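In: Next input, structure requested:
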Amino acid sequence: MPRVAVTRRRSQSRTRPRTATGLCRTAPGVADYGWGMTDPTALPDFPPPSNEHPLRGRVLDVLIDEGYRPDIDSDGDVAVKVQGQQLYVRCTEGEITILRVFGQWQMGDAVTASELDRLRACNAVTSRLSVAKVVLAGDILVVSAEHVVTTGTPLAQLVTTSLELVLTAVNLWHEALGGAGDERAPDHPL
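Out: You can find the predicted model right below:
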């Protein structure tokens, strides 16, 4: 294989910072290799390799392209803030690939309805929206949208629509409780 010579442009030449006396500035006893030291904490966060979790990598790409700032939480879910609310995307890959978009909210003192009324509101919203599920786990409201994903699935449209659907379901839950016009999430996002 032929070797290609790489030459450095003049602007890329190694120059050491010099003092007024023309000597290099280095501390006594410290090796100077001619290059400036970089801050290791300033290195960018690289996403995991795409072959490790291909769907999760595609979801991260979609969210970044849409202008969101996603992160990966300790459970391996993609965490993203949408309209001030923390939502998550869980990618389950195997024979069947499933994408689950969900949010969880701790109900506070402002939600005074009985447990039966809360459950009825969950049923009303779940029966109204064909994809979204609204459930109670103690004093935590969980709203999710789950999808089977194939190679032909329009992922960008699916993810963005599901994020909006989850937030819409929360607002519909409030309306079903009798809080029509109350556009807030239940109280405290988890």
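In: Every contact and neighbour count from this point should use C-alpha atoms.
Out: Fine.
In: Which element, helix or strand, includes Leu163?
Out: Secondary-structure element containing Leu163, defined by DSSP states H and E: helix 155-176.
In: And the lowest mean pLDDT element among the helices and strands of this protein?
Out: Least confident helix or strand of the chain, by mean pLDDT, DSSP states H and E, is strand 188-189 with a mean of 52.
In: Now do the helices in the protein.
Out: Assigned by DSSP state H, the helices in the chain fall at 54-65, 115-128, 155-176.
In: so of those helices, which one's packed in deepest?
Out: helix 155-176 (a mean of 19; mean count of other Cα atoms under 10 Å).
In: Which other helices and strands does it contact?
Out: When contacts are defined as 3 or more Cα pairs under 8 Å, 6 or more residues apart in numbering; DSSP states H and E, helix 155-176 sits against helix 54-65, strand 97-106, helix 115-128, strand 132-137, strand 140-149.
In: So what touches the longest one?
Out: Contacts of helix 115-128 with the rest of the structure, by Cα atoms under 8 Å, 6 or more residues apart in numbering, involve Ala132, Lys133, Val134, Val135, Leu136, Ala169, Leu172, Trp173, His174, Ala176, Leu177.
In: tell me the angle it makes with strand 140-149.
Out: Calculated by axes from the mean of the first three to the mean of the last three Cα atoms, to 10 degrees, helix 115-128 forms an angle of 20 degrees with strand 140-149.
In: The second one now?
Out: Comparing the axes of strand 97-106 and strand 140-149 via the same axes, to 10 degrees yields an angle of 170 degrees.
In: before we move on, what about the fourth one?
Out: Here strand 132-137 points in a direction 140 degrees away from that of strand 140-149 (the same axes, to 10 degrees).
In: For strand 132-137, what does the pLDDT average out to?
Out: For strand 132-137, mean pLDDT rounds to 94.
In: Pull up the pairing partners for it, direction included.
Out: Strand 132-137 sits in its sheet next to strand 140-149 (antiparallel), going by DSSP bridges.
In: any idea of the mean pLDDT in the partner strand?
Out: Confidence over strand 140-149, taken as the mean pLDDT, stands at 95.
In: Kindly report the same for stretch 154-163.
Out: Stretch 154-163 comes out with an average pLDDT of 95.
In: same deal with stretch 68-85?
Out: Mean predicted confidence for stretch 68-85 is 93.
In: Now do the buried residues in stretch 67-81.
Out: Applying a neighbour-count criterion of 16 or more other Cα atoms under 10 Å, one finds Pro70, Asp71, Ile72, Asp77, Val78, Ala79, Val80 buried in stretch 67-81.
In: Inside strands: which ones of these?
Out: Cross-referencing the buried residues of stretch 67-81 against strands under DSSP state E gives Asp71, Ile72, Val78, Ala79, Val80.
In: Which single one of the residues you listed is nearest to Gly57?
Out: Closest approach between these and Gly57, by Cα to Cα: Val78, at 9.4 Å.
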